[in-house]
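Participant: what follows is a predicted protein model with its sequence.
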Amino acid sequence: MKTRSVAALTAALALAPLLAAGGAGQRAVAAESGAGGSASRAEPALLHGIDLDSATIPELQARMERGSLTSSELTRAYLRRIREVDPKINSVLRTSPAALREAAASDARRRLGKARGPLDGIPVLLKDNVDTLDMPTTAGSLALAGSPPARDAELVGRLRAAGAVILGKANLSEWANFRAAKPTSGWSAVGGQTHNPYVLDRNPCGSSAGSAAAVAASLAQVAVGTETDGSIVCPAGMNGVVGHKPSLGLVSQSGVVPISAEQDTAGPMARSVVDTAIAFSVLSGHAAAGADGAFGLTEADPGTGGLRGKRIGLWRLPSLGAEVDALMTRTAERLRTAGAEVVEVTPPYQDRLAELEFPALLSEFHRDIDAYLASRRGPRDLAGLIAFNRAHPAERTCFAGQELFEQALAAPPATDPGHRARRAELKDLSRRSIDETMAAHGLDAIASPANPPAWTTDCARGDNDVIPSSTPAAVAGYPSLSVPAGFVGELPVGLLLMAGDRQDAGLLSLGAAVERRLDARRAPRYLASSASGTAVREGPHAQ
């Protein structure tokens, strides 16, 4: 199997500030079989002999530099797959009419030796709560389905400046799953229901459902998701892809439909850690091209050294079921075989975090959504949004409730001393839950299951999700990374890695080594249904 050294890649791509720590390797071609066994793929994603399901950005850039591939060809291939494959999963709301023009402009730059960096010419999908001036941005709601925003979100400006091709907008859970007490993840009034590409009657999880499902189905090379608590890492895990929730503040939230400025962040989703890291470098403003524009790709075989001597704390979360727990046992043994030390841990303060988080988010949502709506045509504040939903039956075709809106409207203001004390305690305990655990055991990261097996999508019941693993890093503003770990039957499960504040570089490096060792991703088969997977008790929704 070919592998590619992240250390060599990052030097050539000028990403050393992001991934210098660890020097872990990254495979260039993903296996089609992993911990869950082999499976034939129903929809091969081939372009000039390139398997888009396994090709990485560095491989595609190398081909474009050699002249054996153009961005225009790559963009057309993804647009064609959206037309042919997306009707099965309903993950893409719209494609950009400018995508092929942007691809042609990238090809022209490359012919002149002026490629802008590692994302130049690479097709990227955006979650439809990220403002774009040339396409509607709806948050899945008919209330915002009119005119596009007046300007791009700052992160979109960074993508455009890096030469990325904005392919279109991905469906999401309406209002990022912060509307109803019992929502159905992946459903919006604008886009309908997104399906899990592995088993179509199963749920894709979290509000970045369309971004994750589209990447899993090879409908874009990279997608942007957003997370308040779980909505990058749970969809990534449940759809068998990589998802990175960055440290709070590293990616601008300007122009992104909010829940809470204290927790919200956008982040990249891709089929490999190296692609995720490259996209993050652009989103966070740290990307640069190699001096020669060729990005100097180098082949190397890093072996298993990326995990040797690493200490990882395993937080098992048996509430996710015996099959997930058994997968975690196998995962720990594979990491140990590669030289890592794995110890079992239980981060403290989780019950208190669960008690405090939701009331804090209600107050912050009211403040932040009012500020955002004031910049858009349509309802001007939360009260107007509630009235809109009451007046439009299409907003209630899957689930009727908007209890969270109503509770947020009645919540204490974010200036209230009680709220401020609650948020201060949340920040303190969430950070201590990670910092104290890592210090007590001398850890490089804490690992846990990112998700249960996907539940059956059911508008009448709503979600059946339990994702407590995402909360400590989400509330603390610390980074987390979901990497494919294996399968329960046909249903993917991710391994969630988390570390301390601004430790994104080391976490991505460790994630690349974990990814290489587990080799767990395989392409979806779009099965109509499956008896695999276990039901779990209801819990907090991924936002």
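Facilitator: It's in. Keep in mind the model is a prediction, meaning the values are calculated, not measured.

Participant: rest of the way, CA atoms for contacts and neighbours
Facilitator: Noted.

Participant: so where's this protein shaky on pLDDT?
Facilitator: Along the chain, segments meeting pLDDT under 70 span 1-43, 287-305, 531-541.

Participant: repeat that with 90
Facilitator: In the predicted model of the chain, residues 1-45, 48, 146-147, 286-305, 464-467, 530-543 satisfy pLDDT under 90.

Participant: isn't residue 137 right up against residue 150?
Facilitator: No: applying C-alpha atoms under 8 Å as the test, residue 137 and residue 150 come out as separate, 10.5 Å apart.

Participant: so between those two, which is more surrounded?
Facilitator: It is residue 137, of residue 137 and residue 150, that has more neighbours when counted by other C-alpha atoms under 10 Å, with 27 against 14.

Participant: check contacts around the more buried one.
Facilitator: 128-131, 144-145, 148-149 (C-alpha atoms under 8 Å, 6 or more residues apart in numbering).

Participant: wait, is it part of a helix?
Facilitator: No: going by DSSP: H, G, I helix; E, B strand; the rest coil, the assignment for residue 137 is coil, not a helix.

Participant: taking the contacts of residue 137 together, which two end up most distant?
Facilitator: Pairwise distances across those (C-alpha to C-alpha) peak at 13.3 Å, for the pair 130 and 145.

Participant: who has more neighbours out of those two?
Facilitator: Between residue 130 and residue 145, counted using other C-alpha under 10 Å, the more crowded position is residue 130 (28 against 15).

Participant: now do the phi/psi pair for that one.
Facilitator: phi -110, psi 120 (degrees, to the nearest 10).

Participant: and it, how far is that from residue 202?
Facilitator: Distance, residue 130 to residue 202, using C-alpha to C-alpha, to the nearest Å: 26 Å.

Participant: what does residue 528 give?
Facilitator: Look at residue 528 and residue 202: by C-alpha to C-alpha, they are 9 Å apart.

Participant: quick one, which of those two is more surrounded?
Facilitator: Set residue 528 next to residue 202 and count neighbours by other C-alpha under 10 Å: residue 202 wins out with 24 against 13.

Participant: related to what we said a few turns ago, now the contacts of residue 137: which count as buried?
Facilitator: Applying 16 or more other C-alpha atoms under 10 Å to the contacts of residue 137, the neighbour count classes 128-131, 144, 148-149 as buried.

Participant: and of those residues, the nearest to residue 230?
Facilitator: Proximity of those to residue 230 (C-alpha to C-alpha) peaks at residue 129, which lies at 16.0 Å.

Participant: I figured that closest one hits residue 256, correct?
Facilitator: Yes: the pair residue 129 and residue 256 passes the contact test of C-alpha under 8 Å, sitting 5.8 Å apart.

Participant: which parts of the stretch 151-300 of the chain are helices?
Facilitator: 154-161, 209-216, 233-238, 273-283 (DSSP state H, counting those that start in this stretch).

Participant: need the ones you listed in CSV (columns: distance to residue 119 and mean neighbour count).
Facilitator: Putting the helices of the stretch 151-300 of the chain into CSV (distance: least, C-alpha to C-alpha, whole Å; neighbours: other C-alpha atoms under 10 Å) gives the following:
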stretch, distance to residue 119, mean neighbour count
helix 154-161, 8, 19
helix 209-216, 16, 34
helix 233-238, 21, 36
helix 273-283, 7, 27
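
Participant: tabulate these (JSON lines), appending distance to residue 189.
Facilitator: Conversion of those to JSON lines gives the following (distance: least, C-alpha to C-alpha, whole Å):
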{"stretch": "helix 154-161", "distance to residue 189": "24"}
{"stretch": "helix 209-216", "distance to residue 189": "14"}
{"stretch": "helix 233-238", "distance to residue 189": "19"}
{"stretch": "helix 273-283", "distance to residue 189": "28"}
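
Participant: for residue 248, find the nearest of those helices.
Facilitator: Checking the helices of the stretch 151-300 of the chain against residue 248 by C-alpha to C-alpha gives helix 273-283 as the closest, at 12.7 Å.

Participant: the closest one packs against which elements?
Facilitator: With contacts taken as 3 or more C-alpha pairs under 8 Å, 6 or more residues apart in numbering; DSSP states H and E, helix 273-283 sits against helix 16-19, helix 57-66, helix 154-161, strand 222-227, strand 242-245, strand 265-270, helix 504-518.

Participant: what about that helix, distance to the chain center?
Facilitator: 11 Å (C-alpha atoms, centre = their mean, to the nearest Å).

Participant: dump the C-alpha coordinates for the helix or strand that it is followed by into PDB.
Facilitator: Where DSSP states H and E defines the elements, the next helix or strand beyond helix 273-283 is strand 311-314. Below are the C-alpha coordinates for strand 311-314, written out as PDB (Å, rounded to 0.1, in the frame of the first residue of the first chain):
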ATOM      1  CA  ARG A 311      -0.300   7.700  25.400                       C
ATOM      2  CA  ILE A 312      -4.000   7.700  24.700                       C
ATOM      3  CA  GLY A 313      -6.800   7.700  27.200                       C
ATOM      4  CA  LEU A 314      -9.800   5.500  26.200                       C
END
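
Participant: so who does the residue nearest to residue 307 when sequence neighbours are not counted touch?
Facilitator: Of all residues not flanking residue 307 in the chain, residue 340 sits nearest, at 5.1 Å (C-alpha to C-alpha, 6 or more residues apart in numbering). Residues in contact with residue 340 (C-alpha under 8 Å, 6+ apart) are 307-312.

Participant: related to what we said a few turns ago, closest to residue 51 out of the helices of the stretch 151-300 of the chain?
Facilitator: helix 209-216 (13.3 Å).

Participant: list of residues touching the closest one?
Facilitator: For helix 209-216, the external contacting residues (C-alpha under 8 Å, 6+ apart) are 86, 89-92, 125-127, 170-173, 185-186, 194-197, 204, 220-225, 231-232, 235-236, 239-241, 269-271, 523-524.

Participant: relative to strand 265-270, how tilted is it?
Facilitator: Orientation check (axes from the mean of the first three to the mean of the last three C-alpha atoms, to 10 degrees): helix 209-216 against strand 265-270 gives 20 degrees.

Participant: just want the angle from helix 209-216 to strand 222-227.
Facilitator: Angle of helix 209-216 versus strand 222-227, following the same axes, to 10 degrees, is 150 degrees.

Participant: any idea how far helix 209-216 is from the chain center?
Facilitator: Relative to its chain's centre, helix 209-216 lies at 8 Å (C-alpha atoms, centre = their mean).

Participant: try stretch 443-461
Facilitator: 13 Å.

Participant: for that stretch, which residues meet the burial criterion?
Facilitator: Neighbour counts over stretch 443-461 (16+ other C-alpha under 10 Å) mark 443-459 as buried.

Participant: for that stretch, how far is the first residue from the last?
Facilitator: Termini of stretch 443-461 sit 40 Å apart (C-alpha to C-alpha).

Participant: before we move on, the earlier item: just the buried ones from the contacts of helix 209-216?
Facilitator: 86, 89-92, 125-127, 170-173, 185-186, 194-197, 204, 220-225, 231-232, 235-236, 239-241, 269-271, 523-524.

Participant: among those, which are in strands?
Facilitator: Applying DSSP state E to the buried ones among the contacts of helix 209-216, the entries found in strands are 92, 125-127, 170, 222-225, 269-270.
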